[in-house]
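Trainee: return a 3D structure for these sequence lines:
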Amino acid sequence: YIKVELKSVLLDFKNDLKLRGNIRQIGENELHLVHEIAIQTWPIAYGDILKKEQLEYMLNRFYSLSSLRRSIDDGHLYYAYFEADVALGFMAIQCTEDQYSMKIHKLYVLPNQQGKGIGEKLFQKAVSKLVSHNRKRLFLNVNRFNAALQFYLKMEMKILKEENIDIGQGYWMEDYVMEK
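Mentor: As a prediction, the model looks like this:
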């Protein structure tokens, strides 16, 4: 009986650790945090999926500071999860022109922080923004071979279709389009 109580206390302690951070919107002056997390995350997330040259091309194309600034100009909103003033993950969302949908463009958590609920918190923030912007549909693209697919299925996203996107230099993004 004591063992069960102790296990319960340990589970509660573990859950409390998960809840110590906060999510806040970040602006142009903090985009370096997004860049730094992407640089650390992408080689692990895509190292077995993409050739090194494509990975470097995509990081430069989508995560250079100038590219990130352009995405803000295009209406992307960036949010980061912080613990003790250290960014451990981020996401970018955008309301679509159809007045009905919101897209998650990016959602990444540092590899050594995955499995702690940070991605789930960021995803729930996207859902809350969907509601506060009076949108009904949340969607995203995810690489068909990325382990993150399982995360999105757990978040109750459904696969709508496959999509191959030409991103230049002979490279393609082989994605699923998912929605909730």
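
Trainee: what's the closest non-adjacent residue to the most centrally placed residue in the chain?
Mentor: Closest residue to the average C-alpha location of the chain: L107 at 0.7 Å, with CA atoms, centre = their mean. Nearest residue to L107, sequence neighbours excluded (CB to CB, 6 or more residues apart in numbering): M91, at 4.2 Å. Using the backbone N, CA and C atoms, a C-beta is placed for each residue, glycine as well.

Trainee: is it true that that neighbour touches K103?
Mentor: No: with contact defined as CB atoms under 8 Å, M91 and K103 do not form a contacting pair (10.8 Å).

Trainee: neighbour-wise, which of those two wins?
Mentor: M91 (26 against 19; other CB atoms under 10 Å).

Trainee: tell me which element that one falls in.
Mentor: strand 86-95 (DSSP states H and E).

Trainee: ok, now E53?
Mentor: helix 52-63.

Trainee: quick check: next helix or strand after the lowest-mean-pLDDT helix or strand in the chain?
Mentor: Scoring the helices and strands of the chain by mean pLDDT, DSSP states H and E places helix 2-18 at the bottom, with a mean of 43. Sequence order places strand 22-26 as the next helix or strand after helix 2-18, per DSSP H and E.

Trainee: now that following strand and strand 86-95, what's the angle there?
Mentor: 60 degrees (axes from the mean of the first three to the mean of the last three CA atoms, to 10 degrees).

Trainee: give me the residues contacting strand 22-26.
Mentor: Residues from elsewhere that reach strand 22-26 (CB atoms under 8 Å, 6 or more residues apart in numbering): 33-34, 77-82, 87, 90, 121-122, 125.

Trainee: which one of those residues sits closest to Y57?
Mentor: Closest approach to Y57 among the contacts of strand 22-26 (CB to CB): V34, at 17.9 Å.
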